[in-house]
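Just need the structure, nothing else, for what follows:
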Amino acid sequence: MQIWVDQQLQDVDSGSLLTLNNFWSKFTKELFSSGRFIHYVQINDDVFYDGYESIIRENYEHINKIAIYSIQQADALKESLEELSSYISRMIASTDQVASPFYGEPQQEDWDLFQQYCAGLEWMQQTASFCLAIQTIEPEMVPVMKRIEAFVLDTLSALKSQLESEDWTAIADIISYESLTNLEELLTSLKGAEEHA
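Numbering: from 1, shown residues only. Predicted coordinates for the structure are as follows:
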């Protein structure tokens, strides 16, 4: 098995999962201490942004090549903030499409879109948490990221409560009014903080 790090072949004994694990532990410790993160890992021909460690463990015997690509903390933060802004914009644009069917009887495709919306909220929270964990985050960004985390937790809790009581109209109202207003405010705050950072 070949192990590559940032397009450089590594001299690694990958003869067993244990030796590969030892390399991985040492490598990630050195990487993180140098202010870098794993950006993504290519296993054979497939690219993974997360979950790659378990994929490697579960498929070790079938892997020919592992290519690890790293990124500086500052670059990871910048990329995450750009993706967050873009994603919030798309969530704002999809609000009516997600909410409208719940003013009636939602069909299966409406439920699928609703699940994607909730998954998008969870992604926002994970991204905000990631940004808060990066040591190079500007102080102006901290309150915005914390508001994103709180907004997502509150919104998902409210949606879950209405799902349990099968109040579809309340779900539509949460998405159309509360969530939309918060998303617009968060986007404005995020862009403002980016300009001052």
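
use CA for all of it now, contacts and neighbours both
Fine.

What segments of the protein are helices?
For the chain, the helices defined by DSSP state H occupy 17-33, 52-59, 73-99, 108-133, 141-164, 168-173, 180-196.

Show me what counts as buried in stretch 33-51.
Arg36, Phe37, Ile38, His39, Tyr40, Val41, Gln42, Ile43 (16 or more other CA atoms under 10 Å).

Next: stretch 56-72.
By neighbour count on 16+ other CA under 10 Å, the buried set for stretch 56-72 is Ile56, Tyr60, Ile63, Ile66, Ala67, Ile68, Tyr69, Ser70, Ile71, Gln72.

circling back to that earlier point, got the helices of the chain as JSON lines, with mean pLDDT columns?
As requested, those are arranged in JSON lines below (pLDDT from 0 to 100):
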{"stretch": "helix 17-33", "mean pLDDT": "91"}
{"stretch": "helix 52-59", "mean pLDDT": "93"}
{"stretch": "helix 73-99", "mean pLDDT": "93"}
{"stretch": "helix 108-133", "mean pLDDT": "94"}
{"stretch": "helix 141-164", "mean pLDDT": "95"}
{"stretch": "helix 168-173", "mean pLDDT": "97"}
{"stretch": "helix 180-196", "mean pLDDT": "87"}
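
most neighbours per residue, which of those?
helix 168-173 (a mean of 20; mean count of other CA atoms under 10 Å).

Output the contacting helices and strands for that helix.
Using 3 or more CA pairs under 8 Å, 6 or more residues apart in numbering; DSSP states H and E, the elements in contact with helix 168-173 are helix 73-99, helix 141-164.

Which of the ones you listed sits closest to Ser176?
Proximity to Ser176 (CA to CA) singles out helix 73-99 among these, at 6.0 Å.

re the thing from before, just put the helices and strands packed on helix 168-173 in a markdown table and tack on distance to Val12.
A markdown table is the format used below for the helices and strands packed on helix 168-173 (distance: least, CA to CA, whole Å):
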| stretch | distance to Val12 |
| --- | --- |
| helix 73-99 | 26 |
| helix 141-164 | 39 |
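
Which of those sits closest to Glu122?
Minimum separation from Glu122 across the helices and strands packed on helix 168-173 (CA to CA) falls at helix 141-164, 6.8 Å.

who's in contact with the closest residue in space to Ile3 that isn't next to it in sequence?
Distance criterion CA to CA, 6 or more residues apart in numbering; nearest residue to Ile3, sequence neighbours excluded, is Ile66 at 4.9 Å. Going by CA atoms under 8 Å, 6 or more residues apart in numbering, Ile66 touches Met1, Gln2, Ile3, Trp4, Val41, Gln42, Ile43, Asn44.
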